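K.L.:
no sequence on this one, just coordinates:
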Ligand code: ADP
């Protein structure tokens, strides 16, 4: 299975990505997690990414694309993968198409988690209090929502046009959302 999990910040992508990846026996690849790991290790990639992340802006496409290409090339991703947080721009969509075409496979589905805007802000404020993520301050939360609306929401139309987009209601209990995602994906033929 080659899957993308999309949705605005706070939609629950990270939480659901792990369950979905386990269910299909593929790695969950989260660009946000890879960036954060690099920031905490103080690598050159982390140093470069940090200033964008702290401002709620996207890391430049060349940097992100290269990182994902390297990750997808690893052995555990050969049977498939679930991408969480990538692609986020049209340029990344094109790049990912190239990466997948190169392997002779195809993208099976794009799951879009939908959540009320007010609920999103509440969830992120709660996460700020419990996890203390550096980019969960009110201004940055607001900026991340704007950037998502401007740069990432248009990607949904692209995948809808290809007939591989599945919208799943992301409101309610975590388990219920997981069940909805499984039900939607279990009927998708695996490539
Ligand atoms: P969120 O909870 O806001 O969806 P993530 O943990 O997925 O956040 O990502 C955190 C930050 O990492 C983003 O705000 C952005 O700066 C950077 N980032 C993650 N994925 C990408 C990407 N595909 N392209 C550019 N920047 C990214």
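P.N.:
Received the coordinates, thanks. Everything quoted here is computed from the prediction, not taken from an experiment. Numbers count the residues shown, from 1 in each chain.

K.L.:
what residues does this protein have near the ligand?
P.N.:
9, 31-32, 35, 52-53, 56-59, 64, 85-86, 88, 92, 135, 144 (C-beta under 6 Å from any ligand atom). (C-beta placed from N, C-alpha, C; glycine too.)

K.L.:
tally of neighbours for the residue of the chain found nearest the ligand?
P.N.:
At 2.1 Å from the ligand, residue 32 is the closest residue in the chain, using C-beta to the nearest ligand atom. For residue 32, the count of nearby residues is 19 (other C-beta atoms under 10 Å).

K.L.:
which element is it on?
P.N.:
Using DSSP states H and E, the element containing residue 32 is helix 31-41.

K.L.:
name the surrounding residues that touch that helix.
P.N.:
Helix 31-41 has contacts (C-beta atoms under 8 Å, 6 or more residues apart in numbering) with 14, 45-47, 49-50, 53, 59, 64, 67-68, 71, 83-86, 88.

K.L.:
buried residues in it?
P.N.:
For helix 31-41, the neighbour count (16 or more other C-beta atoms under 10 Å) marks 31-32, 34-36, 38-39 as buried.

K.L.:
kindly indicate which of those residues lies nearest residue 140.
P.N.:
Distance to residue 140 across the buried residues of helix 31-41 (C-beta to C-beta) is lowest for residue 32, with 13.2 Å.

K.L.:
pretty sure residue 88 sits in a strand.
P.N.:
No - if the criterion is DSSP: H, G, I helix; E, B strand; the rest coil, then residue 88 is coil and not within a strand.

K.L.:
okay, the residue nearest to it when sequence neighbours are not counted: pLDDT?
P.N.:
Spatial nearest neighbour of residue 88, chain neighbours left out: residue 152 (4.7 Å); criterion: C-beta to C-beta, 6 or more residues apart in numbering. Predicted confidence (pLDDT) for residue 152: 97.

K.L.:
contact partners for residue 152?
P.N.:
6, 8, 88-89 are the contacts of residue 152 under C-beta under 8 Å, 6+ apart.

K.L.:
which residues in this protein form helices?
P.N.:
Along the chain, the segments classed as helices by DSSP state H run 13-24, 31-41, 44-55, 61-72, 90-103, 117-131, 138-147, 153-161, 174-185.
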